[in-house]
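Q: this one's sequence-less:
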């Protein structure tokens with residue numbers, strides 16, 4: 001887990017409500033980061049109470065993202081990436097993974113948390129291939145119309161959209177399927193959509209973790225079944241091996257083979273023909 005005091009003693013950041021937890025900051029704490037407050041750590045404690053191996057789950061997600069981004073750039077030839085709900089900078093950021101293959105890859109991070117914007121801008125101050133913008137995944141049109149997005153992402157050429165660990169935070173009323181459909185409509189031929197989410201695979205731990213998320217104020221969503229998650233890829237061709245447990249998606253020698261949270265997370269990539 002992260003630094004025990006986090007940002008508690010740091011100067012106040014404008015527009016940050018310290019009475020409400022942040023998905024990005026909770027995720028940072030679970031991954032072992034330092035950009036969090038007491039409210040985030042309290043919510044994290046409930047997640048660990050529900051599933052003591054919550055940190056493994058977060059690392060499984062990051063590990064899958066590493067493999068997926070590497071594949072998108074090295075094998076699929078993608079040179080521009082839009083990362084929705086990107087979260088706070090952490091070890092193995094998407095632009096760093098992509099730039100290991102090709103330093104010219106352009107990346108735009110999008111998140112609703114003002115801390116992500118502040119920290120991301122500081123990290124990327126001298127990087128003209130990557131930027132971070134404030135945006136709400138529920139408003140796809142506004143994201144694609146953002147001048148900083150259009151400056152780096154040419155939507156007439158193939159690009160990839162990452163929706164990693166974000167759609168499960170949306171309730172049925174917020175219609176995550178409409179969000180996925182709006183993204184798919186924006187994809188040019190040869191573009192890709194990555195989706196990964198917590199999974200309701202008829203396991204008691206999934207229900208306990210879902211309840212901890214909702215009780216803690218981390219979104220209003222729910223964990224969805226295999227069939228429900230497959231709907232996010234409507235209109236797209238699935239990249240092999242399709243929608244799978246995240247650790248089963250093109251594993252490599254760094255993929256854990258004995259993760260205690262293996263059955264709690266699903267992932268896949270679809271391609272627009």
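A: All right, it came through fine. Quick caveat: nothing in here was measured; it's all calculated off a predicted structure. Numbering: from 1, shown residues only.
Q: Report the buried residues of stretch 193-208.
A: Burial within stretch 193-208, assessed by neighbour count using 16 or more other C-beta atoms under 10 Å, is assigned to 193, 194, 195, 196, 197, 198, 199, 200, 205, 206. Yep, even glycine has a C-beta here, placed from its N, CA and C like the rest.
Q: Tell me the helices and strands packed up against the helix or strand bottoming out on mean pLDDT in the chain.
A: Ranked by mean pLDDT, DSSP states H and E, the weakest helix or strand in the chain is helix 114-123, scoring a mean of 82. Where contact means 3 or more C-beta pairs under 8 Å, 6 or more residues apart in numbering; DSSP states H and E, helix 114-123 is packed against helix 23-30, strand 106-111, strand 130-134.
Q: Out of those, which gets nearest to residue 173?
A: Evaluated over those, closeness to residue 173 peaks at helix 23-30, with 18.0 Å, by C-beta to C-beta.
Q: which regions of the stretch 1-150 of the chain sit below the pLDDT cut-off?
A: By pLDDT under 70, the low-scoring segments of the stretch 1-150 of the chain are 1-6, 8-14, 91.
Q: in it, which spans are helices?
A: Per DSSP state H, counting those that start in this stretch, the stretch 1-150 of the chain carries helices over the ranges 23-30, 38-50, 54-74, 94-101, 114-123, 140-145, 147-152.
Q: Reformat these as JSON lines; add mean neighbour count and distance to residue 211.
A: As requested, those are exported to JSON lines (neighbours: other C-beta atoms under 10 Å; distance: least, C-beta to C-beta, whole Å):
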{"stretch": "helix 23-30", "mean neighbour count": "26", "distance to residue 211": "15"}
{"stretch": "helix 38-50", "mean neighbour count": "19", "distance to residue 211": "7"}
{"stretch": "helix 54-74", "mean neighbour count": "21", "distance to residue 211": "13"}
{"stretch": "helix 94-101", "mean neighbour count": "20", "distance to residue 211": "30"}
{"stretch": "helix 114-123", "mean neighbour count": "18", "distance to residue 211": "26"}
{"stretch": "helix 140-145", "mean neighbour count": "16", "distance to residue 211": "29"}
{"stretch": "helix 147-152", "mean neighbour count": "13", "distance to residue 211": "35"}
